[in-house]
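> coordinates only, sequence not included:
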């Protein structure tokens, strides 16, 4: 069980395949939401993921400020359904925020939260900055964390 942080060009073909497969499994298949998962932002992102027995257990995509938003952002946050209810979501978000704040020296982090996860993100200090809206048919809310 190890955490990995890689830029797009550092992926092995197998790692990239496993990450993209897990993202499609969660965001397209499990959530029954056909949308273009590959959006050209992966090339500019850092990819944080945990591998357990060859499987992607948890993953997030970390984008520096000015890439998608004015702020740095965290996206594609997922925990493989086989590994849920083990605290990996909290550990993933802590590691994601730590990297953006301490390695990239970002003070503001934005994310598009699925509305049902609003309280989860709020527990890390994220505050809503939009009304709830539909993104690909799923209720979302934009949230921002500002380092104090």
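Noted; the coordinates are in hand. Just so we're clear, the structure is a prediction, and the values are computed from it rather than from any experiment.

> For stretch 38-54, could you pull out the residues that count as buried?
Applying a neighbour-count criterion of 16 or more other C-beta atoms under 10 Å, one finds 42, 45-51 buried in stretch 38-54. C-beta coordinates here come from the backbone N, C-alpha and C atoms, glycine included.

> try stretch 83-99
Within stretch 83-99, the residues that count as buried by 16+ other C-beta under 10 Å are 83, 88-89, 92-93, 95-97, 99.

> got CSV for those, with secondary structure and pLDDT too?
Below are the buried residues of stretch 83-99 laid out as CSV (DSSP: H, G, I helix; E, B strand; the rest coil; pLDDT from 0 to 100):
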residue, secondary structure, pLDDT
83, helix, 94
88, helix, 95
89, helix, 95
92, helix, 97
93, helix, 97
95, helix, 97
96, helix, 97
97, helix, 97
99, helix, 97
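
> hmm, back to that, list just the nearest of the buried residues of stretch 38-54 to residue 25.
Of all these, residue 25 sits closest to residue 49, with 13.7 Å by C-beta to C-beta.
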